[in-house]
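# need a structure here:
(one chain, ligands or ions: 1)
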Amino acid sequence: MKPTHRPTLFSGAQPTGQLTLGNYLGAMRTWVRMQESHDCLFCVVDLHALTVRQDPRQLQENIFELTALYLACGIDPAKSTIFLQSHVSAHAELAWLLATFTQMGELERMTQFKDKAQQHKHNINAGLFTYPILMAADILLYRTQQVPVGEDQKQHLELARDIAIRFNGLYGPLFQVPEPLISTDGVARVKDLQNPTKKMSKSAEADLAKVMLLDTPEMVLKKFKKAVTDTLGVIRYDEGAQPGVSNLLNIWCAATGHSRAEALEQFSHHQYGRLKVETAEAVNALLEPIRNRFHALNADREGLRAVLEEGAERARHRANAVLGQILDALGLPTMRQRFSGL
Ligand code: TYM
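Below you'll find the model as predicted:
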């Protein structure tokens, strides 16, 4: 176990299919770095995935694959707690309690809910609506200080902060108010390669729109070659007028570690084709070690189960301790059997 003086960090991803380059650059890469300085918990948020109808067998497969991807990206179970949300029942329990501190109007304002309701018109279930409350519970249960996420989760994070502040105002400082950790180097919102005004999303229908972490090098090259740019014919950084070109520049910078100024120096006298191919090459160099590690990790289901079970054990212990204090504060007598000695 890590020394407890390190700041606590929590983050998660949904097991709804493979991860995209956006997930990796916007979130996961930061997770890996933060393991050295923070007390980290990384969750596979399977309960959140249920807000969209899932095939049970496929969901189970996705859960193991996502766990293997966490490991392949460099999340180390010896340093961080890796676990499955449904293994720690305190998440769902706290979500219920927090729902009574959340206003309908606050949830109605969530842009992700509006987008998803639009995409899944025949299944606008209550879980989709209360999704951000479960996310707040995930974070607040561990008295999390920092939450590394992409920009699309910022609004949810603000709600989690508001709920914590509201609760603390009524019952005392029981929750830590979490801070979002959002990268400022242009990859907090990696764009869709076919429609560069939208974020790159796992759920995009067009394959060419999204680069997946396990795409072959040939697929990555093809997707970047076909990336939508514009007809201006100059390489400049201008998100408004040239969103496609700007997205490619951001990805190239993130993959190579170069600054935007260096990118412009490198490409401004060249044509789009060169930027596309070099970005694909940089992304392939970044993804190659992940792909190489993934297959063996994913094949070892017993190993993945062991990682998740050990992580759940650790997370459960911490989560129950906080949940016990919250129940107490609300005036609900806790069962000593469950909460004693924590
Ligand atoms: P999810 O599974 O949609 O995405 C996982 C992480 O990837 C980030 N991300 C992106 N970053 C940059 N560019 C993109 N195009 C891009 N697409 C996705 C997301 O912002 C996210 O950080 N609700 C969360 C999961 C969650 C969670 C939590 C996160 C549940 N509980 C508690 C943090 C803390 C989600 O659906 O992420």
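# for my notes, confirm Leu232 occurs in a helix.
No. Counting by DSSP: H, G, I helix; E, B strand; the rest coil, Leu232 is not part of a helix but coil.
# quick check, pLDDT for it.
Looking at Leu232, its pLDDT is 96.
# residue contacts, it?
Each residue near Leu232 by C-beta atoms under 8 Å, 6 or more residues apart in numbering is listed here: Ala241, Gln242. Using the backbone N, CA and C atoms, a C-beta is placed for each residue, glycine as well.
# quick check: it vs the ligand, distance?
Distance, Leu232 to the ligand, using C-beta to the nearest ligand atom, to the nearest Å: 24 Å.
# could you report the neighbour count for His169?
That one is not His; residue 169 is Gly. Look at Gly169: counted by other C-beta atoms under 10 Å, it has 9 neighbours.
# in the helix or strand encompassing it, what's buried?
Using DSSP states H and E, Gly169 falls within helix 154-171. Under the neighbour-count criterion of 16 or more other C-beta atoms under 10 Å, helix 154-171 has Lys154, Gln155, His156, Leu157, Leu159, Ala160, Arg161, Asp162, Ile163, Ala164, Phe167, Tyr171 buried.
# phi, psi of the residue lying closest to Lys191 once chain neighbours are set aside?
Leaving aside its sequence neighbours, Lys191 sits nearest to Asn247 (C-beta to C-beta, 6 or more residues apart in numbering; 4.1 Å). Main-chain torsions, Asn247, degrees, to the nearest 10: phi -60, psi -40.
# quick check, Asn247 in contact with Asn195.
No. With contact defined as C-beta atoms under 8 Å, Asn247 does not count as touching Asn195 (10.5 Å).
# so between those two, which is more surrounded?
Legend: neighbour count by other C-beta under 10 Å for Asn247 and Asn195, higher for Asn247 (25 against 15).
# for that one, what are its contacts?
Listed by C-beta under 8 Å, 6+ apart, the contact partners of Asn247 are Val190, Lys191, Leu193, Pro196, Ala227.
# how close does it sit to Glu158?
The spacing between Asn247 and Glu158, counted by C-beta to C-beta, to the nearest Å, is 25 Å.
# and the strands in the stretch 101-250 of the chain?
Assigned by DSSP state E, counting those that start in this stretch, the strands in the stretch 101-250 of the chain fall at 146-148, 179-181.
# look at the residue of the stretch 201-342 of the chain found nearest the ligand and say how many residues are nearby.
Nearest residue of the stretch 201-342 of the chain to the ligand (C-beta to the nearest ligand atom) works out as Ser201 at 6.1 Å. Applying other C-beta under 10 Å, we find 18 residues neighbouring Ser201.
# can you pull the phi/psi pair for it?
With angles defined as degrees, to the nearest 10, Ser201 sits at phi -130, psi 140.
# wait, isn't it in contact with Asn23?
No. Using C-beta under 8 Å, Ser201 makes no contact with Asn23, being 9.5 Å away.
# mind pulling up the pLDDT for the nearest residue to Ser246 once chain neighbours are set aside?
Distances taken as C-beta to C-beta, 6+ apart put Glu239 closest to Ser246, at 4.7 Å, once the chain neighbours are dropped. Model confidence at Glu239, expressed as pLDDT, equals 95.
# doesn't Glu309 make contact with Thr67?
No. Applying C-beta under 8 Å, one finds Thr67 not in contact with Glu309, separated by 11.2 Å.
# between those two, point out the one with more neighbours.
Using other C-beta under 10 Å, the more surrounded residue of Thr67 and Glu309 is Thr67, with 27 against 12.
# ok, now how distant is the more buried one from Gly331?
Per C-beta to C-beta, Thr67 is found 38 Å from Gly331.
# which among the strands of the stretch 101-250 of the chain is found nearest to Pro243?
Proximity to Pro243, assessed across the strands of the stretch 101-250 of the chain by C-beta to C-beta, is greatest for strand 179-181 (23.6 Å).
# so what's the residue count around Gln271?
Residues lying near Gln271 (other C-beta under 10 Å) number 11.
# cool, and Ser203?
Neighbour count of Ser203, defined by other C-beta under 10 Å: 13.
# repeat for the one 3 residues further on
Applying other C-beta under 10 Å, we find 12 residues neighbouring Ala206.
# same question, Arg143
Neighbour count for Arg143, taken as other C-beta under 10 Å: 17.
# and Pro243, by the same measure?
19.
# does Ser11 count as helix, strand or coil?
Classified using three-state DSSP, Ser11 is strand.
# of the buried residues of helix 154-171, which is the nearest to the ligand?
The ligand has its nearest neighbour among the buried residues of helix 154-171 in His156, at 6.1 Å by C-beta to the nearest ligand atom.
# report pLDDT for the nearest residue in space to the closest one that is not next to it in sequence.
Excluding the flanking residues, the one nearest His156 by C-beta to C-beta, 6+ apart is Pro132, at 4.6 Å. On the pLDDT scale, Pro132 is placed at 98.
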